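**Student:** Next come a sequence and a model predicted from it.
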Amino acid sequence: RRTASQSQEFKLRSMPLSDKQLYRDLAHVSGGQTIEVKTRALSQATAVITDASTSDL
């Protein structure tokens, strides 16, 4: 369980919306894509991306 101070600390470490938009814009102009996942789903998202990338080769 997280305490209130730990929850606040987590919120402070999340990326500001302006930074997220910058990454989206950079991906768009370079012909790429962006995805946004929670840390707990990162390994699952990585597996999906790896599978999709490998099947495109």
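**Tutor:** Structure received.
**Student:** What's the separation between S14 and K20?
**Tutor:** Remark: distance between S14 and K20 (Cβ to Cβ, to the nearest Å) = 9 Å. In this view, the C-beta of every residue, glycine as well, is placed from N, C-alpha and C.
**Student:** Same check on I49?
**Tutor:** Taking Cβ to Cβ, one finds I49 at 18 Å from K20.
**Student:** Neighbour count for S14 and K20, which is higher?
**Tutor:** K20 (13 against 9; other Cβ atoms under 10 Å).
**Student:** How about the secondary structure of the more buried one?
**Tutor:** With DSSP: H, G, I helix; E, B strand; the rest coil as the basis, K20 sits in helix.
**Student:** where does the nearest residue to it once chain neighbours are set aside land in three-state SS?
**Tutor:** The shortest distance from K20 to any non-neighbouring residue, by Cβ to Cβ, 6 or more residues apart in numbering, is to E36 (7.3 Å). Secondary structure, three-state DSSP: E36 is coil.
**Student:** what's the burial count for E36?
**Tutor:** When neighbours are counted by other Cβ under 10 Å, E36 comes out with 10.
**Student:** Repeat that for V37.
**Tutor:** With other Cβ under 10 Å as criterion, V37 counts 12.
**Student:** hang on, it packs against S43?
**Tutor:** No: in this structure, V37 is not within contact of S43 by Cβ atoms under 8 Å, at 9.6 Å.
**Student:** and R40, how far is that from D19?
**Tutor:** 21 Å.
**Student:** For those two, work out which one has more neighbours and name it.
**Tutor:** D19 (10 against 7).
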